[in-house]
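Trainee: Build me a model:
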Amino acid sequence: MDVLISGASIAGPVLAYWLAEYGARVTVVERAPALRKTGGHAIDLFRPAMVIAERMGVLPRVEARATGTTTLTAHRPWTSRPVRMDYVKVVGAMSDRHVEIMRDDLGEIFYDAGADGVDYRFGDQITEIGDDGAVTFAAGDTRRFDLIVGADGLHSGVRRLVFGEVVERYLGSHLAVVSVPKHVAHDGDLTGYYEPNRVAMVYTADHLDDARAVFLFRPNTPLHVHHRDVDAQKRALAAAYAGAPSEVGRWLAELKHTPAFYFDAITQLEMPSWSRGRVTLVGDAGYCPGPAVGGSTSLAVYGAYVLACEIARADGDPARAFAAYEALLKPSVLGSRALARVNAKALLPGSRWGVDALVTAGRTLSLLPRAVTGPLIRLNDKGIRLYDTMPLPEPVLTR
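Mentor: Numbers count the residues shown, from 1 in each chain. Presented below is the predicted three-dimensional model:
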């Protein structure tokens, strides 16, 4: 069975690893000339993704590359007293198993896990997909594949070729990440400046040469900025934080010469189906719940693993495999979307009162013993504890 995967970020390498384990001949095509090092932000892996990493034999590497963030220091311009809280307990409320890791590091670990058994084709992309599985590449050649998977992110080229333009649901906010000098952050601490409709945070990790400033904001009116227009994105970000505290202004000054920059709208995809013929989508390409608010990385790892299992169970029959994949994954996708919509509002209160309430809630959660918070939070298995309830099938076979 010949399988083509478009995208070598997170879902693509995980899917490639498991399909190769199941005996498929796997090709991964990636538009970038090498593994992406975009200066991406830290992401969270929750229980299902950590179990999958464990089954791939890479969990020790994942844990060794954890950011090591243990505290959150929250500043508000209207009070001179910052609030410090236990970051591990606050984020750990979402899952009994959790690790925070830089996205670039995670992608490299998953790539290394299966690179020897997978044909990676960097610096190329798909330009045409036929109903018979014939794929034309930008390099000019054409090959036929039994299955084709789009793992190429929120702005998926495979999705556009096969499904046409899909309406994205804008959740009202934007996310940006800027590389800044390491000295502006403190190891182990996430420093945040909270204001109505916007927050700016900075952190680093022992193994990083820089720090990352993260900006999450809700503009007064929707921004019409193309996802590849970096100059316009930087202007929009600077405008959104006009009048911000001076420390945030110093981070924004790095926009002129930052070596790495990320910017995108926080949007959801709500496709009725992620599959058509020989083609299916995985991760953000098919069911992005919303960057930074919906656990999209854990969902992408989980979806890639489930898809590989169902392809193996169906002996490569796309109709059987894709139907089973969507049936098993859909409840988790719907739950992630709902959670993301709640988080998108809760993380960006529109008033001082709301900001104070958010900070107080985090502080309270970090102070209460786990014996008190644990049983209460576990009751919310369709909300904050969603990821601990995702059904994880056993591997179909091992070599």
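
Trainee: what helix or strand does G286 sit in?
Mentor: Using DSSP states H and E, G286 sits within helix 284-287.

Trainee: Quick one: distance of that helix to the chain centre.
Mentor: Remark: helix 284-287 is offset 11 Å from the chain centroid, using C-alpha atoms, centre = their mean, to the nearest Å.

Trainee: what do you get for stretch 318-338?
Mentor: 18 Å.

Trainee: That stretch: which residues count as buried?
Mentor: Using 16 or more other C-beta atoms under 10 Å as the test for burial, stretch 318-338 gives 318, 321-322, 324-326, 328-329, 332-333, 335-337. All C-beta atoms are positioned from the backbone trio N, CA, C, and that covers glycine.

Trainee: Dump those into a markdown table; add secondary structure, distance to W18 and pLDDT as well.
Mentor: Shown next, in a markdown table, are the buried residues of stretch 318-338 (DSSP: H, G, I helix; E, B strand; the rest coil; distance: C-beta to C-beta, whole Å; pLDDT from 0 to 100):
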| residue | secondary structure | distance to W18 | pLDDT |
| --- | --- | --- | --- |
| P318 | helix | 17 | 97 |
| A321 | helix | 13 | 98 |
| F322 | helix | 16 | 98 |
| A324 | helix | 15 | 98 |
| Y325 | helix | 13 | 98 |
| E326 | helix | 17 | 98 |
| L328 | helix | 15 | 96 |
| L329 | helix | 15 | 96 |
| S332 | helix | 18 | 93 |
| V333 | helix | 19 | 94 |
| G335 | helix | 23 | 92 |
| S336 | helix | 21 | 92 |
| R337 | helix | 25 | 92 |
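
Trainee: Other residues contacting the helix holding G286?
Mentor: 7, 11, 150-154, 156, 158-159, 269, 271, 274, 280-281, 291, 296, 299-300, 303, 329, 333, 336-337 (C-beta atoms under 8 Å, 6 or more residues apart in numbering).

Trainee: Check those for burial and list the buried ones.
Mentor: So, by 16+ other C-beta under 10 Å, the buried ones in the contacts of helix 284-287 are 7, 11, 150-154, 156, 158-159, 269, 274, 280-281, 291, 296, 299-300, 303, 329, 333, 336-337.

Trainee: How much space separates the residue in the chain sticking out farthest from the centre from P245?
Mentor: Distance to the chain centre peaks in the chain at S80, reaching 34.0 Å (criterion: C-alpha atoms, centre = their mean). To P245, S80 is 12 Å away according to C-beta to C-beta, to the nearest Å.

Trainee: In terms of pLDDT, where does the residue farthest from the centre of the chain sit?
Mentor: If you check S80, the pLDDT there is 93.

Trainee: Below-threshold pLDDT in the chain: ranges please.
Mentor: 38-39, 370-385, 397-399 (pLDDT under 70).

Trainee: go with 90
Mentor: Residues of the chain meeting the criterion pLDDT under 90: 36-41, 88-98, 165-168, 220-222, 224, 226-228, 257-260, 290-295, 365-391, 396-399.

Trainee: Strands of the stretch 201-350 of the chain, residue ranges please.
Mentor: 210-217, 261-269, 275-276, 279-281 (DSSP state E, counting those that start in this stretch).

Trainee: which other helices and strands contact the first one?
Mentor: Here strand 210-217 is seen to pack against strand 168-181, strand 198-203, helix 230-240 when contacts are counted using 3 or more C-beta pairs under 8 Å, 6 or more residues apart in numbering; DSSP states H and E.

Trainee: For these, state which one has the densest average packing.
Mentor: Among the helices and strands packed on strand 210-217, strand 198-203 has the highest mean neighbour count (mean count of other C-beta atoms under 10 Å), at a mean of 23.

Trainee: Okay then, goodbye and thanks.
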